[in-house]
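Novice: sharing a sequence plus its predicted fold:
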Amino acid sequence: MSGYQVGLNSFGSKPADFPHQREGHLDHLTWYNSRPALQFFGFDDPVNCDALIGDEIRITVHDDHVCSSCGGDVDPDRDVCWDCADSPLMTPCIWNPGTECSWSDCPYPEYKRDACAHTFVVYLVAKDSVKVGITRADRRQARWAEQGATHAAIIGECHNRKVAGIVEMCLAEEYPSKADSSWYIPVDDPVETLVEAAAEAGECFPDRLAGCYTLDGLSTAEIRERVVSVPDRSTRVNDEIVAGTSELSRGDRQRGHVVGVRGSVIATESFTFNAKLHAGTRVTLETTGDLAVPEEDSNT
């Protein structure tokens, strides 16, 4: 695995129209502290996606890739290495805890202690429709932003991942739990759509876990106050136009002006780049603006 970054003061020939460049194997697009940043394996500093808005970029998606989980070497026909495939986060108990988690006989006790034996929230998000999901309570804001939701509402609180997974599984019969990560056209009136869904969601909780529903007895107005607007960088984007543009695939190379960032997607007026679909893939990002690094939050 290798990568490099160049700027105006670097030696060697560079195209004059794209003076800044980073090339490396892509990790993911994170929304830590509500700031979109593109992470690359082998680089300590992410690319600040806020700095890309309005600038012209050129993205090349190469054919070679590494493990999308750890950045290590991987067989050409696999997305993750064998070690990661047999460990959380890639095991079925993480993806489907309601049915696959053997809580009392967990084969990963350290991971259970660090990542599963915590308070989890069950939530609904508004995207092109209402989706259900679960996440640790302390990272709910980042999770909603990573999913590219416009709004979210917590409807349940559970004392571990297993219980939250059971509730999610019951709610998934009414609201999908799997969501497309591509750019989408948001649902009309997302706040009221979420309010209506959240008020009815209590009926989907299994009787033995009815106490996990956190909206019982609340009025419509009180539920509306609990709907959260999720940060993104797409307030001036024509969603219908962007959703209809091409999405970069391996082997593609395109240029365009960045108009927005939502979830794992960087959108230009002519194409979209979905970082989630290219985790582990070698990517070259060239920009007309500096590859700025997000500043550390002094309050964290």
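Specialist: Looks like it arrived, so ask away.
Novice: quick check: phi and psi at V195.
Specialist: phi -60, psi -50 (degrees, to the nearest 10).
Novice: which pLDDT does the model give it?
Specialist: The per-residue pLDDT reported for V195 equals 98.
Novice: domains of this protein?
Specialist: 4-71+234-287, 118-229 (automatic domain parsing).
Novice: and these: which comes nearest P107?
Specialist: Nearest to P107, of all the domains of the chain, is domain 118-229, at 13.8 Å by C-beta to C-beta. For the C-beta atoms, the positions are set from N, CA and C on the backbone; glycine is no exception.
Novice: select from the domains of the chain the stretch with the lowest mean pLDDT.
Specialist: Among the domains of the chain, domain 4-71+234-287 scores lowest, at a mean of 89.
Novice: returning to what we had before: can you list the domains of the chain in TSV and add mean neighbour count and distance to S87?
Specialist: Listed next are these as TSV, based on neighbours: other C-beta atoms under 10 Å; distance: least, C-beta to C-beta, whole Å:
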stretch	mean neighbour count	distance to S87
domain 4-71+234-287	18	8
domain 118-229	18	16
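Novice: out of those, which comes closest to N96?
Specialist: domain 118-229 (6.9 Å).
Novice: now do that closest one: distance to the chain's middle.
Specialist: 16 Å (C-alpha atoms, centre = their mean, to the nearest Å).
Novice: quick revisit: looking at the domains of the chain, which is closest to V80?
Specialist: Per C-beta to C-beta, nearest to V80 of these: domain 4-71+234-287, 5.0 Å.
Novice: going along the chain, name the helices of the stretch 151-300 of the chain.
Specialist: Taking DSSP state H, counting those that start in this stretch as the test, the helices found in the stretch 151-300 of the chain are 161-171, 190-201, 220-225, 239-243.
Novice: where exactly do the strands run in the stretch 101-250 of the chain?
Specialist: Here the stretch 101-250 of the chain has its strands, by DSSP state E, counting those that start in this stretch, at 120-126, 130-136, 151-158, 228-229, 246-247.
Novice: need those in CSV (columns: distance to H278).
Specialist: CSV is the format used below for those (distance: least, C-beta to C-beta, whole Å):
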stretch, distance to H278
strand 120-126, 23
strand 130-136, 22
strand 151-158, 26
strand 228-229, 28
strand 246-247, 10
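Novice: out of those strands, flag the one nearest W183.
Specialist: strand 246-247 (7.9 Å).
Novice: that older thread, relative to P97, which of the domains of the chain is closest?
Specialist: Here domain 118-229 is closest among those (C-beta to C-beta), at 3.0 Å.
Novice: surely H257 and G54 touch.
Specialist: Yes: with contact defined as C-beta atoms under 8 Å, H257 counts as touching G54 (6.8 Å).
Novice: so which of the helices of the stretch 151-300 of the chain is nearest D252?
Specialist: helix 239-243 (16.8 Å).
Novice: contacting residues around the most centrally placed residue in the chain?
Specialist: Nearest to the mean C-alpha position of the chain, counting by C-alpha atoms, centre = their mean, stands E146 at 2.6 Å. Listed by C-beta atoms under 8 Å, 6 or more residues apart in numbering, the contact set of E146 reads L29, T30, W31, G263, S264.
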